[in-house]
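In: Just need the structure, nothing else, for what follows:
(one chain, ligands or ions: 1)
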Amino acid sequence: MRASLIQIGVYDGKGGESIDARRQRVAALVREQAGADLVVLPELWTTGAFAYESFGTEAEPLQGPTYESMAKAASDAGVWLHAGSVPERDPDGLLYNTSLVFSPSGELAASYRKIHRFGFDKGEAVLMSAGADVVTVRLPSTTLGLATCYDLRFPELFRRLVEAGAETLVIPAGWPERRRSHWTLLAQARAVENQSYVLACGTAGTHAGVPQAGHSIVVDPWGEVLAEAGPDEEVLTVEFDPGKVGVTREQFPALKDRVL
Ligand SMILES: NC(=O)CCC(=O)C(=O)O
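Out: Reported below is the predicted structural model:
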């Protein structure tokens, strides 16, 4: 299976690109990944995950402009596309940090509203509502388990995903450089304890004054890092064998020893 993680640069500053221009640029990058099985984008790449003041102004209905352009890009490229997340405004006016997954024909296969909101009573934690559903997506060769950024710190969500059949944990993020060591450590921990692949795609650049870690990472079910990006905008491409999840779980059946 071939996956491409598109680590988009989201930058502050007057010379920065508009959201519409970024959407077009990202759609072109997705189209360039034709031949991959799965393409992954980061969290809130239209606004930036820390650009709290833009969440309300740039929020979209689920089937808004990002949905439309990513559905088309997925079908043009013929790939499964985890299109990262968008600030979604629901029909009641509530905001959610919502991930979208499209099939190679451009149909919405799943959406996931981030459950754990970041900010400790500020920022996302007060501006966005919390999702409640654990979401998996069946692909021909693996089952994806969906989580977003700060969710990475909550192992109980990942256990629920594995119980629901997940074998490949996909985590779009806007993780800050200041806590990069946690990012790498937690990505490996989630892979080892769940005997699953972890595909974690972050952003590059600096937005809302917060330098981003980049360093998107792919970890195998044994905890080995298969590929890791640098700090700048990059497409990280990796080939992996989805069958390794079953082999690992059979040869070292720790998941069967769960008591709680
Ligand atoms: N966007 C986020 O969820 C940020 C998470 C973060 O900075 C952290 O967990 O540390």
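
In: Only C-alpha atoms from now on, for both contacts and neighbour counts.
Out: Fine.

In: What is the neighbour count of Pro155?
Out: Residues near Pro155, counting by other Cα atoms under 10 Å, number 15.

In: and it, what pLDDT?
Out: Predicted confidence (pLDDT) at Pro155: the value is 98.

In: same thing with Glu17?
Out: On pLDDT, Glu17 comes in at 87.

In: Could you do the one 3 residues further on as well?
Out: At Asp20, the pLDDT value in this model is 95.

In: Tell me if it really is in a helix.
Out: Yes. Secondary structure of Asp20, determined by DSSP: H, G, I helix; E, B strand; the rest coil: located in a helix.

In: Contact partners for it?
Out: With contact set as Cα atoms under 8 Å, 6 or more residues apart in numbering, Asp20 has no partners.

In: Phe50 is in contact with Val210, isn't it?
Out: Yes. Distance between Phe50 and Val210: 7.1 Å, which falls inside the contact criterion (Cα atoms under 8 Å).

In: Please say which of the two ends up with more neighbours.
Out: Residue environment comparison for Phe50 versus Val210 gives the larger neighbour count to Phe50, 23 against 19, counting by other Cα under 10 Å.

In: three-state assignment of the closest residue to the ligand within the stretch 101-250 of the chain?
Out: With Cα to the nearest ligand atom, the shortest gap between the stretch 101-250 of the chain and the ligand falls at Tyr150, namely 3.6 Å. On the three-state scheme (three-state DSSP), Tyr150 is labelled helix.

In: so it sits right up against Phe118, yeah?
Out: Yes. Under the criterion of Cα under 8 Å, Tyr150 is in contact with Phe118, at a separation of 6.1 Å.

In: all helices for the stretch 51-200 of the chain, in order.
Out: Taking DSSP state H, counting those that start in this stretch as the criterion, the stretch 51-200 of the chain carries its helices at 52-58, 65-77, 124-127, 155-163, 180-194.

In: Go through the ones you listed and pick out the most buried.
Out: With neighbours taken as mean count of other Cα atoms under 10 Å, those reach their highest mean count in helix 65-77, at a mean of 21.

In: so for that helix, what's the average pLDDT?
Out: The predicted model gives helix 65-77 an average pLDDT of 98.
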